[in-house]
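Colleague: Sequence and predicted structure are below.
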Amino acid sequence: MIPGPIEFEPAVMQAVGMSTTSHVAPDFIESFGHSLEMMREVWMAPSGQPFIMAGTGTLAMDMAGSNLVEPGDKALVISTGYFGDRYADLLKRYGAEVTLLKAPAGDVVRLPEIEAELKRQHYKLMTFTHVDTSTAVRVDPEPIGRLGEKYGVLTILDGVCSVAGEEVRQDEWKIDVVLTASQKAVGVPPGLALMVVSERAMQAWRDRKAPVGSYYCDWTHWLPVMKAYEARRPAYFGTPAVNLVCGLEVSLGLILKEGMDARFSRHRRIGKTFREAMRSLGLKMIPVSEDVSAGTLSAPMYPEGVRAPEFMKAISKSDVILAGGLLPELKDRYFRVGHMGSVTNGDILTTVAAVEQALKECGYVT
Ligand code: PMP
């Protein structure tokens, strides 16, 4: 029950475990092309350009950053935790002048504050994190996407802890890049960096004057590869993660079979139910309210008298694996529970029981 890698569906693991074919074998070209097409449906971005890369979520962040930033560009980073701060660091490497709007731990940056900053000066791009995995805070991406459109600012959504779990409607919400990694709600073992890019962002990349600062990430190399696979033609720049792409095709198929709306509401319900159970045990959450809480992940705080090392030791005796705190300033005051992808009601019940038992072993009386 950690927030990624999650538990994977047996059918996905079976596909990942098949003999590795050539990256230009006809059946692999079909799997790659089909996965690109299904990404548009999962991202709800019929007009977007999908990319499937070997790498982690940070590579997806790097690819969007390196292709869209030129030295001296102004970038606004809206941070709701550890991964927002990471984006600020990353963009600086490519020469961006970064302004960081940082939410208090457990809260979001409010829209009027974002709009005031966009009025103050012109930004080339703005980044925000749908669910920051360090705080379990969920940002509403739609109004931020629309602000980006209003002020002519490219928007990049870090959806690593959200895509295929939280509601994302990329085209309708006017978000230019929605990026993720395979190991969370997308449901494939770690190793794929995934993103869909709008035509507006691709044009900004075509219009750049300076070369892309990362050789590996440069869309000059990868766009023809994605286009070729989608046209069911062989192509090469770097060897794709063949087995993971086979798993991706199966997982995206399962996600679409469940249906995006059904999947969003299942995650919302599971997140809310889990937190209600935690509250009934007397635990508070890092997010300040349900309005800013995620469907994919929760971050309960230890009650008075319970310490992180003892709780983690007690939990390790159960069948449930949880994650510790991540936000440096609050690290020892909370734990994290991922509930995304193939998570079931039974998993939630087992987790609640394990947390209750571990608290009891730490001397906490509910
Ligand atoms: N952004 C968010 C919101 C994340 O949760 C993570 C990973 N936990 C990352 C970025 C980085 O992804 P990766 O670890 O796959 O590089």
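Modeller: Now that the structure is in, tell me what you want to look at. Residues are numbered from 1 along each chain as shown.
Colleague: ok, R279 - contacts?
Modeller: By C-beta atoms under 8 Å, 6 or more residues apart in numbering, R279 lies in contact with M285. For every residue, glycine as well, the C-beta is placed using N, CA and C.
Colleague: List the contacts of A210.
Modeller: A210 touches E70, P71, counting by C-beta under 8 Å, 6+ apart.
Colleague: partners of Q49 in the sheet?
Modeller: The partner list for Q49 in beta bridges (DSSP bridges) reads V197.
Colleague: nope, V337 is what I meant
Modeller: Under the criterion used (DSSP bridges), V337 bridges to S298.
Colleague: Would you confirm that it contacts F274?
Modeller: Yes: proximity of V337 to F274 meets the contact threshold set by C-beta atoms under 8 Å, at 6.7 Å.
Colleague: shared neighbours of the two, which are they?
Modeller: Shared contacts of V337 and F274, counting by C-beta under 8 Å, 6+ apart, come down to S298, T351.
Colleague: Phi first, then psi, for the residue of the stretch 51-200 of the chain with the smallest separation from the ligand.
Modeller: Nearest to the ligand in the stretch 51-200 of the chain, going by C-beta to the nearest ligand atom, is G57, at a distance of 2.5 Å. With angles defined as degrees, to the nearest 10, G57 sits at phi -60, psi -30.
Colleague: which residue sits closest to it, ignoring its sequence neighbours?
Modeller: A181 (3.3 Å; C-beta to C-beta, 6 or more residues apart in numbering).
Colleague: Can you list phi and psi of the one you found for me?
Modeller: Dihedral angles (degrees, to the nearest 10) for A181: phi -130, psi 160.
Colleague: and it, what are its bridge partners?
Modeller: Under the criterion used (DSSP bridges), A181 bridges to A193.
Colleague: measure it to R86 for me?
Modeller: Distance, A181 to R86, by C-beta to C-beta, to the nearest Å: 13 Å.
Colleague: Who has more neighbours out of the two?
Modeller: Each of A181 and R86 had its neighbours counted (other C-beta atoms under 10 Å), and the higher figure belongs to A181 (29 against 20).
Colleague: Is it correct that the more buried one is in contact with M61?
Modeller: No: A181 is beyond contact range of M61, at 9.5 Å (criterion: C-beta under 8 Å).
Colleague: Tell me the backbone dihedrals of the nearest residue to P71 once chain neighbours are set aside, please.
Modeller: Leaving aside its sequence neighbours, P71 sits nearest to G95 (C-beta to C-beta, 6+ apart; 3.0 Å). Per-residue torsions, G95: phi 90, psi 10 (degrees, to the nearest 10).
Colleague: Pull the number of nearby residues for G95.
Modeller: Neighbour tally, G95, other C-beta under 10 Å: 14.
Colleague: Could I get the contacting residues of it?
Modeller: By C-beta under 8 Å, 6+ apart, the neighbours of G95 are V69, E70, P71, G72, D73, G213.
Colleague: Please apply the same query to G4.
Modeller: So G4 contacts T133, V160, C161, A181, Q183, K184, P190, G338, M340 (C-beta under 8 Å, 6+ apart).
Colleague: how many neighbours does M340 have?
Modeller: M340: 29 surrounding residues under other C-beta under 10 Å.
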